[in-house]
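K.L.:
fold the following and give me the result.
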Amino acid sequence: MFVTVATEIYEVMNYRAEIDGLRTFAVVPVILFHAGFEVAEGGFVGVDIFFVISGYLITRLLIHDLEAEQLRIIAFYERRARRILPALLVMVGVCLPFAWMWMLPEEFNLFSRSLVAVGTFTSNILFWQESGYFALASETKPLLHTWSLAIEEQFYLLFPIFLLILAPLGRTRIFFCVLGAAVFSFVLCEWGHRYYPTANFYLLPTRVWELLAGSMAAFLLRDNLIKPNEVGALAGFLGILYAILTYDKTTPFPSAYTLVPVLGTVLVILYASSANHIGSFLGAKLFVGIGLLSYSAYLWHQPILAFLKIRRISEPSSFSLLAAVSVSFIVAYLSWKYIEAPFRRPNSRGNYRNTIVLLGGLVVFIGVGSGAIYLNGLPQRFTGEISRLDAFRSIEEEKRGKSCSSIIGYKQRERCVLGNDNNIRGVLLGDSHAQMLWSPLDKLLDRRGIGFMSFTAGGCPPVFEIWRRDVPNNCSEYNEEVFRYIKNNKDIQFIILNGRWTIHIEGERFNNREGGVEPGRSVITDVINHGVKETNPPEIRRAQLLSKFESSIRRFSALNRKLLIAYPVPEVGFTPAVRMAKQLLFTPNIDITPTHSFEVYRDRNERVRSLFDILKSDLPSIQFTDVANDLCDHLSGRCRTFNSNLEPLYIDGDHLSSHGAGLLVRDIELWMNTD
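P.N.:
Predicted coordinates for the structure are as follows:
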């Protein structure tokens, strides 16, 4: 990827040192971003810079071959394999023993899926299905970065065929066809980031416009119609720096925002040269040297960082992360010198034989990955207790049983009832924090012979007149529908509201201040006033959201049904079962169950708790329940994550397990028994 086509390009046309230098300003920000350094919060745009460069270089090569009538598809694919696969296969092979030693069964199962995906050039599809790029599991996926390789591989597979088909039209018409395809992809991307953000991030149709932007630059430069220009090159380079330094996890991406680094890269390609300052700056030996290592550096940095985080029980220090970045470049140099460079040298006799060997390596990894998936991540590698803890979440999901939380467009897909379906007496409304009550609440209601309708949707708190700016939904409309259902159904006696209230007020993911940080995009929830979706700054947004929380609770209270509201659940900052399993694996002599700070919980939830305290005083008819009273010890200042039987009280960093939710349901039973 990224530098793999460089050698051939340079054989047929003048070498451009500034392109190698530009790669430095792509790969370094990406690596620093993945390492978590704040200076490169927008470093993820480095991938987009690489896409443009790759589109440019590959198109220059293809145009040259087309015009010389030398474009042979099989030969082209062989060269691509020879450039991409050697270093990739070595990197994956080195990952395997560390994955075997350090990855718990569930992690190893996911790693094995990525082995198969790498071998079939479908990593982007796999990671789209599994999670978001900024999600928790992403940080410990050694092969996550191969999603961008898959994008390029898919482009390499299709684009030469596209050009061959269009070749009779001539270069000018081909250019406009490429332009049309790029515009269509960009429009699809703009639509996708609003409605399908994860698919939009990972899949080729919404990314190909970036590669085609580089392709169009190649067409424009082919006839030397564009001359080096200091202003154009400077504008492009400043656009790249602006994106790296100002974008962050809250920036919708890819989207119109992506135009800044993409067009910036195009401008540098078009206008930078050794004859102007930007070209000379980028062509400096240091930047060119780092740029030549960029493919290997990109390949190696993610597994090094991922295994560092897998091996450590707590978050690695900044020093450890910086050391990992340094090691990435050392390994990248060795990879470039002893793996990449030898395979790049043309060898007409051995090229096809080497390619067959490389493809055989892919088949081996596909087989290894498939076997490990079939064997469920080989839990036999570890003691029974470690495997039990690792499988805890899966067991909890099976125990929960109910699956009718699946909501399409936040419309109830099917009738979802907890308890007795023939005697509906209550409603459970909220987000995934309401769903975590299912298993113990279902058992309670069965015993009592009554049923509750479950109206729950992940990320959708039981609040009116709000909307999520970070993901598309229509929570407010959905909650209004549930409200009308309750109002029109006199058999409903009980209403339970539960949600991850604080995440919407604070926006930022949880940091337990002890090394446990919840990765992922910020949650940007805003208000709807008089039917208009507002976009307010944080302080105004918090105040207005708290007002919406209050007015929503008062509306439910006015229905004159028995109303129970749960205070925020203490967030943890890690997955207790996994933390304990790794503690047993890496530090078996330490016999301490993980806990977290009560003070951090109080600080984090102060706004919501204060509001609920006021409402508890103003509306005595409402019952509030607070699971923090059961989980946290005010004297020691610690909150527990396991019960006395060493059963995890959480399934992840903020959702209670059936054991933890049972504490809440115990209070629900007492509430239901009161007059």
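K.L.:
residue 258 touches residue 45, doesn't it?
P.N.:
Yes: shown here, residue 258 and residue 45 form a contact pair, counting by C-beta atoms under 8 Å, at 7.4 Å. All C-beta atoms are positioned from the backbone trio N, CA, C, and that covers glycine.
K.L.:
who has more neighbours, these two?
P.N.:
Using other C-beta atoms under 10 Å, the more surrounded residue of residue 258 and residue 45 is residue 45, with 29 against 25.
K.L.:
the longest helix in the protein is where?
P.N.:
helix 73-102 (DSSP state H).
K.L.:
which ones are touching the residue nearest to residue 340 when sequence neighbours are not counted?
P.N.:
Counting by C-beta to C-beta, 6 or more residues apart in numbering, residue 87 is the residue found nearest to residue 340 once chain neighbours are left out, at 5.3 Å. Neighbouring residues of residue 87 by C-beta atoms under 8 Å, 6 or more residues apart in numbering: 295, 296, 299, 335, 336, 339, 340.
K.L.:
ok, so of those residues, who is nearest residue 235?
P.N.:
Among these, residue 295 lies closest to residue 235 (C-beta to C-beta), at 27.6 Å.
K.L.:
and the closest one, its phi and psi?
P.N.:
Main-chain dihedrals, residue 295, degrees, to the nearest 10: phi -60, psi -50.
K.L.:
could you number the chain from 40 rather than 1 from now on?
P.N.:
Happy to do that; since the first residue is 40 now, the last one works out to residue 334.
K.L.:
ok, it - how many residues close by?
P.N.:
Residue 334: 26 surrounding residues under other C-beta under 10 Å.
K.L.:
likewise the one 4 residues further on?
P.N.:
Burial of residue 338 is recorded as 27 neighbouring residues (other C-beta under 10 Å).
K.L.:
quick one: what helix or strand has residue 566 in it?
P.N.:
Residue 566 belongs to strand 564-568 when assigned by DSSP states H and E.
K.L.:
so what touches that strand?
P.N.:
The contact list for strand 564-568 (C-beta under 8 Å, 6+ apart) reads 504-508, 515, 543, 546, 572-575, 580, 583-584, 586-587.
K.L.:
what's the PyMOL syntax to select whichever of those are buried?
P.N.:
Buried residues within the contacts of strand 564-568, by 16 or more other C-beta atoms under 10 Å, are selected in PyMOL with:
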select buried, resi 504+505+506+507+508+515+543+546+580+583+584+587
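K.L.:
in helices only, show me the contacts of strand 564-568.
P.N.:
Among these, DSSP H puts 515, 543, 580, 583, 584, 586, 587 in helices.
K.L.:
how close does the nearest residue to the fifth one once chain neighbours are set aside sit to residue 592?
P.N.:
Yep, that's residue 584 we're talking about. Nearest residue to residue 584 in three dimensions, chain neighbours excluded: residue 544, at 5.6 Å (C-beta to C-beta, 6+ apart). Note on residue 544: its distance to residue 592, by C-beta to C-beta, to the nearest Å, is 14 Å.
K.L.:
do the same with residue 615
P.N.:
The gap separating residue 615 from residue 592 is 31 Å, by C-beta to C-beta.
K.L.:
got it, and residue 236?
P.N.:
Distance from residue 236 to residue 592, counting by C-beta to C-beta: 30 Å.
K.L.:
any weak-confidence spans in the stretch 440-589 of the chain?
P.N.:
Within the stretch 440-589 of the chain, the stretches with pLDDT under 70 are 440-454.
K.L.:
so where do the helices sit in it?
P.N.:
Assigned by DSSP state H, counting those that start in this stretch, the stretch 440-589 of the chain shows helices spanning 471-474, 477-487, 514-527, 540-545, 577-596.
K.L.:
please list the outside residues in contact with the first one.
P.N.:
Under the contact criterion C-beta under 8 Å, 6+ apart, helix 471-474 has outside partners 439, 444, 467, 493, 495, 497-498, 501, 535-539, 605, 608, 693-695.
K.L.:
care to break this protein down by domain?
P.N.:
Listed by automatic domain parsing, the domain ranges of the chain are 45-420, 442-712.
K.L.:
report the distance from the longest one to the chain centre.
P.N.:
Centre-to-centre, domain 45-420 and its host chain are 17 Å apart (C-alpha atoms, centre = their mean, to the nearest Å).
K.L.:
and the helices in the stretch 290-439 of the chain?
P.N.:
Here the stretch 290-439 of the chain has its helices, by DSSP H, counting those that start in this stretch, at 298-310, 316-321, 324-331, 333-350, 357-374, 380-383, 390-413, 423-429, 431-439.
K.L.:
buried set for the first one?
P.N.:
Right, the one you point to is helix 298-310. 298-310.
K.L.:
hang on, the earlier thing: what angle separates the longest helix of the chain from helix 357-374?
P.N.:
In terms of direction (axes from the mean of the first three to the mean of the last three C-alpha atoms, to 10 degrees), helix 112-141 departs from helix 357-374 by 140 degrees.
K.L.:
next SSE downstream of helix 112-141?
P.N.:
Scanning forward in sequence from helix 112-141 by DSSP H and E, the next helix or strand is helix 144-158.
K.L.:
list the contacts of the next helix-or-strand element following that following helix.
P.N.:
Toward the C-terminus, helix 144-158 is succeeded by helix 162-169 as the next helix or strand (DSSP H and E). The contact list for helix 162-169, computed with C-beta under 8 Å, 6+ apart, reads 149, 152-153, 155-156, 172, 176-177, 180, 182-183, 185-190, 193, 237-238, 240-243.
K.L.:
which of the buried residues of helix 298-310 sits closest to residue 205?
P.N.:
Nearest to residue 205, judged by C-beta to C-beta, of the buried residues of helix 298-310 is residue 305 at 21.3 Å.
K.L.:
show me what contacts that closest one?
P.N.:
For residue 305, the contacting residues are 91, 252, 253, 255, 256, 275, by C-beta under 8 Å, 6+ apart.
K.L.:
7 Å instead?
P.N.:
Contacts for residue 305 (C-beta atoms under 7 Å, 6 or more residues apart in numbering) come out as 91, 252, 253, 256, 275.
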